[in-house]
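[1] could you work out the structure for the sequence below:
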Amino acid sequence: MINSRTTHPHRRRPVVAALAGVAALLAVTLTACGGSSSSSAATADGLKPLVIGIPSPAVTVFSANYAIGQYLGCYKRYGYSMSTVVTTNPVQLVAAFHRDAVDVGVPGSDQFLNMLSTIDSSGGGLPLKAFYELDYPFKYGIAVKPGSSIHSLADLKGKTVGVDVLSDSSAATFKALLKDNGVDPNSVHIIASGVGAASGEALDSSKIDALFYYDVGYGTILQAGINLRFLTINGKPPHLNVSGILAVANSDDLSSDKAKFQAFTQCTTEGDIFINANPAAAAYIMLKMYPALGKAGAPLEQQISGLELPLMLRAKLLQSTDASGPAYGPISTDEFAQDSAILLNGKSPSDVSSIYTNDLVPDLTAAQVSAVQEQAKKFTIPGITGQVPVPRVPANAP
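    Next up is the predicted model:
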């Protein structure tokens, strides 16, 4: 449905006690592991730290593509140990870069433009550049209860619509969608209805009349057993092609320590391919890396199924639609223009090409891709045979 997203976008809980595992799987607050500074000494096993800063208070399946490489030993092959630190918001991420506390930040593309604007206006002199696209623009949808009388955007006038949180691009994207379709955004009451299944519960209990959410979030809600009906606009799913998730770094570091960032892009690309080939195995790995993503004491299959559907939906947006270059990772100038026009009131650097580079994006050979796919297909989940069941995805879902 609507293609967009911002905070890492890194997001997203239960309707009843039985759904508590789905809840936890959506949002896990992390602390830094492996040192508070990206320039700290090598770890005990001789590996150099590679610290990822998340400008959101949670880590979810959005982190899977770059995190899975740590579990599979990809970073170790290149001499690094990856860890994740939550910086809470883009302002704190900028501060973390100033302190040399993170190597790579992963904001939404519109957040990145705002970060650059903030740095320029403050005269901070911190040169940041994007070098890999982790997730291509999120797909949003508008969901209602199956028996709802709402069938169009016009029907939302005077209604309460939920978004996961108000601090990212969700509300701005929804307002842009309304405005583009002739509906006054001020005629709709927008509230934060919670992450993951919490938003589904808010809709199911009629706390909100409709929900504006993105693909992975809906995957979690569906996995929790909540029934949804998705709206269309003129017979088509709503779509705004804005805000993917980028990997950004200090420009000087990109030049002086290229090997570190090449390791990140290589391992992230391998993670993308692994998720596409075996989302259940990717879910298992995320549970092993971040146990709080699952419900303590719940059967492993239940925990995996809670993550598998969101990963399957997310996997569709890991690969570039531009066939002229590498399949995974290249950044497009068009996305910054769309972010600027739709979400940022035209705010964008005059020379967009100066704020990103695709020089570090790996273009894997067919043999390399095949090797990762084979690794994924052969991955054995202890105690589980066959496929882990996932729910049916309704028509018009993101």
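[2] could you dump stretch 304-320 to PDB, C-alpha only?
    Only the C-alpha atoms of stretch 304-320 are listed here, as PDB (Å, rounded to 0.1, in the frame of the first residue of the first chain):
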ATOM      1  CA  ILE A 304       9.400 -17.700  15.100                       C
ATOM      2  CA  SER A 305       6.000 -17.400  13.500                       C
ATOM      3  CA  GLY A 306       5.600 -14.000  15.200                       C
ATOM      4  CA  LEU A 307       8.600 -12.700  13.400                       C
ATOM      5  CA  GLU A 308       8.400 -14.600  10.100                       C
ATOM      6  CA  LEU A 309       5.400 -12.900   8.500                       C
ATOM      7  CA  PRO A 310       6.900  -9.400   9.200                       C
ATOM      8  CA  LEU A 311      10.200 -10.500   7.700                       C
ATOM      9  CA  MET A 312       8.400 -12.000   4.700                       C
ATOM     10  CA  LEU A 313       6.700  -8.700   4.100                       C
ATOM     11  CA  ARG A 314       9.800  -6.700   4.700                       C
ATOM     12  CA  ALA A 315      11.900  -8.900   2.300                       C
ATOM     13  CA  LYS A 316       9.900  -7.500  -0.600                       C
ATOM     14  CA  LEU A 317      11.500  -4.000   0.100                       C
ATOM     15  CA  LEU A 318      15.100  -5.100   0.500                       C
ATOM     16  CA  GLN A 319      15.800  -5.200  -3.200                       C
ATOM     17  CA  SER A 320      16.100  -2.200  -5.500                       C
END
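[3] what residues of it count as buried?
    Neighbour counts over stretch 304-320 (16 or more other Cβ atoms under 10 Å) mark 304-315, 317-318, 320 as buried. Every C-beta, even on glycine, is put in place using the N, C-alpha and C of the backbone.
[4] just the element for residue 131, please.
    strand 128-135 (DSSP states H and E).
[5] report the distance from that strand to the chain centre.
    13 Å (Cα atoms, centre = their mean, to the nearest Å).
[6] now swap in stretch 71-86 and tell me
    Relative to the centre of its chain, stretch 71-86 is centred 19 Å away, using Cα atoms, centre = their mean.
[7] what distance separates the start and the end of it?
    Its first and final residues considered, stretch 71-86 spans 19 Å by Cα to Cα, to the nearest Å.
[8] can you map out the strands along the stretch 51-200 of the chain?
    Secondary structure of the stretch 51-200 of the chain, counting by DSSP state E, counting those that start in this stretch: strands at 80-86, 104-105, 128-135, 139-144, 160-163, 189-192.
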